[in-house]
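Asks: Sequence and computational prediction follow.
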Amino acid sequence: MVNVLAQFHSRYQDDDQARFVGPSGYGYVITENGIADGSDLLRPAYIIEHLAALHHARSVLGVPVRGYIHWTVTDNWEWAD
């Protein structure tokens with residue numbers, strides 16, 4: 001995820017349409033990030049690894065990530081239809 005964020009930032013940092021502009025300046029919002037498995041064994045490590053990657057991208061690489069939205073239990077109900 002760190003590499004993806006760094007590449008995204010390198011590619012779109014000058015593109016006004018690809019950025020979220022908030023009170024603290026521009027940045028990126030990661031949305032609908034998650035993983036599903038029948039036994040829920042993968043999700044805890046997935047969340048921890050992705051949050052650690054976001055922290056590294058922000059604090060070490062300077063990628064302006066301003067938000068992170070993880071999947072919720074109701075995100076995939078539309079697929080049940």
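Replies: Here it is on my side, so go on.
Asks: ok, what's across the strand from the residue positioned nearest the centre of the chain?
Replies: The centroid of the chain falls nearest to Ile30 when counting by CA atoms, centre = their mean (2.9 Å). Under DSSP bridges, the beta-bridge partners of Ile30 are Tyr68.
Asks: Hmm, Tyr68 and it touching each other?
Replies: Yes - contact criterion CB atoms under 8 Å: Ile30 and Tyr68 qualify, at 4.7 Å. Just so you know, the C-beta spots here come from the backbone N, C-alpha and C atoms, and that holds for glycine as well.
Asks: Common neighbours of these two, please.
Replies: Counting by CB atoms under 8 Å, 6 or more residues apart in numbering, the common neighbours of Ile30 and Tyr68 are Leu54.
Asks: Now for Gly27, how many residues are close by?
Replies: Neighbourhood size, Gly27 [other CB atoms under 10 Å]: 16.
Asks: whoops, I mixed them up, Ile69
Replies: Ile69: 12 surrounding residues under other CB under 10 Å.
Asks: which residue packs closest to it, ignoring adjacent ones?
Replies: Once flanking residues are discounted, Ile69 sits nearest to Thr31: 4.7 Å by CB to CB, 6 or more residues apart in numbering.
Asks: close enough to count as contact, that neighbour and His70?
Replies: No - here Thr31 does not reach His70: they are 9.2 Å apart, not a contact under CB under 8 Å.
Asks: Among the two, which residue is more densely surrounded?
Replies: His70 (16 against 10).
Asks: Can you pull the phi and psi angles for Leu5?
Replies: Dihedral pair for Leu5: phi -60, psi -40, per degrees, to the nearest 10.
Asks: and it, what does it touch?
Replies: Residues near Leu5 by CB under 8 Å, 6+ apart: 28, 53-54, 57, 61, 63, 65.
Asks: can you check Tyr46 too?
Replies: Shown in contact with Tyr46 (CB under 8 Å, 6+ apart): 34-35.
Asks: Confirm it sits in a helix?
Replies: Yes - counting by DSSP: H, G, I helix; E, B strand; the rest coil, Tyr46 is found in a helix.
Asks: you'd agree Gly27 is in a strand?
Replies: Yes - per three-state DSSP, Gly27 lies within a strand segment.
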